[in-house]
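Undergrad: sequence and computational prediction follow.
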Amino acid sequence: MRSGGGLMRLRFEPRWLLSSPLVCCSCLVGLAVLAVMARARAALEESTRLHAALVGKAVQLAAEQAAAAYVSSGGVAMQHAFDAGRGIEVLTRVHANGDFRYGMVETRFGGVSERFLFPILTGELPAVFSESFSQRIDGPPLPASWHLPQKMAAGAWPEVDLAGAHVLRDTAASVGVSHDDGIALLRMRLGTERQDFLLGCGATVLQPEIPESGVLHVLGNLWVDRGSRQLVLQLSDSLTIVVDGNVYIGRSVVVRGEGQLTIVTRAVDGASFADRDGDGRFGPGDELRGGRAMRGPEEGAGSVYLGLPNGRGGDLVVGASVVAEGELHVAVDRARLGGSLMLGQGGTVLPGAAGGLEVAGRAIRDRLRAGLPGFVVRGQPRPGRLRPEGDQPLYRPGSSR
Amino acid sequence: MRAFAGVSERSLSIVLLAVAVACCLLVSVSTTALEGANDNRRDQLVLLDQLLADPAVLPAGPVARLDGLFGRRLVRVDAEHGPTVVFGDAKEASR
């Protein structure tokens, strides 16, 4: 458009909006609709997401119920249909491996299939496993700087089950543990009287082959030698080491992987004592525990040393649970247990160490449905905790465990 | 003619505005109800999560706070293998 020999420029004037209410109104309505629809859309999306989560929970509930029915029926009740209402019906099918130690629930809903794996437990763990730090009720007082433990009756002490345990004796070497004649003499002036075994000899990372039963029975003392670097244990399954002797831990032990490490000491061939002078052997000034006369090897029995006798202080972290029938000795300035601690006797801080003890207390939250190898269980068989397949390996390929 | 056009445009604007406001209100009220239902369901799912992780957090019996989550009421029972959550009666859930 030309005007006066030039182009007439059409420029937007704000007053147009005021002079035409329709334009103004349309703009306002458009903005309002946009805002309302955006909010509605967000709410609808959230509703869809929550419904998906709801279906997931229904599937999980159905799988739990199916697993429980299967185990309590002794493997008879294999197929179920769970109607959760609101159009959610979950079909389940359960089966177990040959020796009835692991089961799998397959669920089906809306054409989608999911699988859950679970261990079949023979019973429940003793109640004391719910506590992070406990001591037998007749045990002597503990150092003042330690937290107060939960007192347990003598009958509540967990009973060890060695059926199928892999036994380590004399010169045998297995699952990362080897016989060692020199370690005791290297770390204690007069050595020990029992056989000595070394865990993680010279290694910083160890991936032990875990026995079928999950239990390693050491007939002698077990050592983790002093070292500048921590020992990392990669556990694909839980491992319980039952030691008929003492345990000496000279450096930090970190546990990685799906399994958990439990160290149990038993005083089967000797007596436990409070090693007041810190030399690792019974002598004048040491206090005998649970007996009137010293018997058995001079290094005592059933004791655990966090830090070695004649130690040098420092910090120590042990990512394991400890069930010590004898005395717990702390030969470092600060010891930290990643798992739970059960004491049959007392605790002693060795000379030259501050002896702080922290129990992080990874106690077993649901002992009724948790499996831990090497302990006698009670009650009826039950399914362990269900895990979605692919989430994490429940058992090693090729293993019937 | 020009005045008539102005009046009709104004009337149309008012009608359009009124209809739009009514629609927006309707959608908004429905959205608020949906958001409330979502909040309630989210809280129920959190509780169900806690209950599945540790069924002992609640006493045995019907879990009234989870009513309406499914078409069937959820019940916390003490089974032989410990506390667990199972689907209960369908009628009770709709109460």
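TA: Received the coordinates, thanks. Keep in mind it's a predicted model, so treat the numbers as computed, not measured.
Undergrad: whichever strand or helix holds residue B:13: what's the following helix or strand?
TA: Taking DSSP states H and E as the definition, residue B:13 sits inside helix B:2-53. Next in sequence after helix B:2-53, counting helices and strands by DSSP H and E, comes strand B:61-62.
Undergrad: just checking: what are the partner strands of that following strand?
TA: Applying DSSP bridges to the sheet, strand B:61-62 is found paired with strand B:74-79 (antiparallel).
Undergrad: just the angle for the strand it pairs with relative to helix B:2-53, thanks.
TA: Between the axes of strand B:74-79 and helix B:2-53, defined by axes from the mean of the first three to the mean of the last three Cα atoms, to 10 degrees, the angle is 0 degrees.
Undergrad: if we can go back for a sec, hmm, the helix holding residue B:13 touching chain A?
TA: Yes - Helix B:2-53 lies within reach of chain A by Cβ under 8 Å from any Cβ of the partner chain, at B:9-10, B:12-14, B:16-17, B:20-21, B:23-24, B:27-28, B:30-31, B:34-35, B:37-38, B:41-42, B:45, B:48-49, B:52. All C-beta atoms are positioned from the backbone trio N, CA, C, and that covers glycine.
Undergrad: mind checking pLDDT for the closest residue to chain B within the stretch 1-150 of chain A?
TA: At 1.2 Å from chain B, residue A:85 is the closest residue in the stretch 1-150 of chain A, using Cβ to the nearest Cβ. Note for residue A:85: predicted pLDDT of 81.
Undergrad: give me the number of residues near the residue lying closest to it once chain neighbours are set aside?
TA: Leaving aside its chain neighbours, residue A:85 sits nearest to residue B:71 (1.2 Å; criterion: Cβ to Cβ, 6 or more residues apart in numbering or on different chains). Neighbours of residue B:71 under the rule other Cβ atoms under 10 Å in any protein chain shown: 17.
Undergrad: now which of the residues of helix B:2-53 next to chain A would you call buried?
TA: Buried subset of the residues of helix B:2-53 next to chain A (neighbour count, 16 or more other Cβ atoms under 10 Å in any protein chain shown): B:13, B:16-17, B:20, B:24, B:31, B:34-35, B:38, B:41, B:45, B:48.
Undergrad: got a list of what the residue of the stretch 201-350 of chain A found nearest chain B touches?
TA: Using Cβ to the nearest Cβ, residue A:340 is the residue of the stretch 201-350 of chain A that sits closest to chain B, at 17.3 Å. By Cβ atoms under 8 Å, 6 or more residues apart in numbering or on different chains, the contact list for residue A:340 reads A:129, A:131-134, A:321-322, A:359, A:361-364.
Undergrad: separation between residue B:17 and residue A:30?
TA: Between residue B:17 and residue A:30 the computed distance is 12 Å (Cβ to Cβ, to the nearest Å).
Undergrad: ah, wrong one, I meant residue A:229
TA: From residue A:229 to residue A:30 the distance is 67 Å (Cβ to Cβ).
Undergrad: flag the shaky bits of chain B, pLDDT-wise.
TA: Applying pLDDT under 70 to chain B picks out residues B:1-7, B:89-95.
Undergrad: try it again at 90.
TA: Counting by pLDDT under 90, chain B contains low-confidence residues at B:1-21, B:23, B:50-60, B:64-65, B:67-73, B:78-95.
Undergrad: pick out the residue of it closest to chain A.
TA: The nearest approach of chain B to chain A comes at residue B:71, 1.2 Å away (Cβ to the nearest Cβ).
Undergrad: now name the helix or strand holding that residue.
TA: With DSSP H and E as criterion, residue B:71 is part of no helix or strand.
Undergrad: would you confirm that it contacts residue A:89?
TA: No - counting by Cβ atoms under 8 Å, residue B:71 stays clear of residue A:89, with 9.9 Å between them.
Undergrad: what residues do those two have in common as contacts?
TA: In contact with both residue B:71 and residue A:89: residue A:83, using Cβ under 8 Å, 6+ apart.
Undergrad: burial count for residue A:304?
TA: 27.
Undergrad: quick one: contacts for it?
TA: A:246-247, A:249, A:263, A:265, A:322, A:324, A:326-329.
Undergrad: which of these lies closest to residue A:175?
TA: Proximity of the contacts of residue A:304 to residue A:175 (Cβ to Cβ) peaks at residue A:263, which lies at 13.6 Å.
Undergrad: tell me the bridge partners for the closest one.
TA: residue A:241, residue A:322.
Undergrad: do the same with residue A:85
TA: With DSSP bridges applied, residue A:85 shows beta-bridge pairing to residue A:88.
Undergrad: residues near it, how many?
TA: 17.
Undergrad: what about it, distance to residue B:68?
TA: Residue A:85 is 10 Å from residue B:68, by Cβ to Cβ.
Undergrad: where in the stretch 201-350 of chain A is pLDDT low?
TA: A:201-204, A:206-213, A:226-228, A:236-238, A:257-260, A:268-270, A:283-285, A:289-296, A:310-314.
Undergrad: and it, which of its residues are near chain B?
TA: So far as Cβ under 8 Å from any Cβ goes, the stretch 201-350 of chain A does not lie against chain B anywhere.
Undergrad: which of the contacts of residue A:340 count as buried?
TA: A:129, A:131-134, A:321-322, A:359, A:363-364.
Undergrad: what is the burial count for residue A:74?
TA: Counted with other Cβ under 10 Å, residue A:74 comes out at 9.
Undergrad: host element of residue A:56?
TA: helix A:21-72.
Undergrad: pLDDT of that helix, averaged?
TA: In the prediction, helix A:21-72 has an average pLDDT of 89.
Undergrad: off-centre distance for it?
TA: 36 Å (Cα atoms, centre = their mean, to the nearest Å).
Undergrad: just the strands in the stretch 51-200 of chain A please.
TA: A:79-85, A:88-96, A:102-109, A:112-121, A:133-136, A:150-152, A:166-168, A:173-174, A:177-179, A:196-199 (DSSP state E, counting those that start in this stretch).
Undergrad: winner for burial among those strands?
TA: strand A:196-199 (a mean of 25; mean count of other Cβ atoms under 10 Å in any protein chain shown).
Undergrad: center of chain B, which residue is that?
TA: residue B:37 (1.5 Å; Cα atoms, centre = their mean).
Undergrad: so what's that one up against?
TA: Counting by Cβ under 8 Å, 6+ apart, residue B:37 has contacts residue A:47.
Undergrad: same question for the one 10 residues further on.
TA: Residue B:47 makes contacts with B:63, B:65-66, as judged by Cβ under 8 Å, 6+ apart.
Undergrad: how many neighbours does residue B:8 have?
TA: 11.
Undergrad: next one: residue A:382
TA: 25.
Undergrad: not counting its neighbours along the chain, what's nearest it?
TA: residue B:81 is the one closest to residue A:382 (Cβ to Cβ, 6+ apart), at 3.1 Å.
Undergrad: residues touching that neighbour, list them.
TA: Residue B:81 makes contact with A:68, A:71-72, A:121, A:124, A:368-369, A:379-383, according to Cβ under 8 Å, 6+ apart.
Undergrad: swap in 10 Å and give it another go.
TA: A:67-68, A:71-72, A:121, A:123-124, A:368-369, A:379-384 (Cβ atoms under 10 Å, 6 or more residues apart in numbering or on different chains).
Undergrad: so it versus residue B:51, what's the distance?
TA: 16 Å.
Undergrad: same check, this time on residue A:350
TA: For residue A:350 relative to residue B:51 (Cβ to Cβ), the value is 47 Å.
Undergrad: the more surrounded of these two?
TA: residue A:350 (25 against 22).
Undergrad: that one against residue A:303, yeah?
TA: No - the criterion here is Cβ atoms under 10 Å, and residue A:350 misses it with residue A:303 at 11.5 Å.
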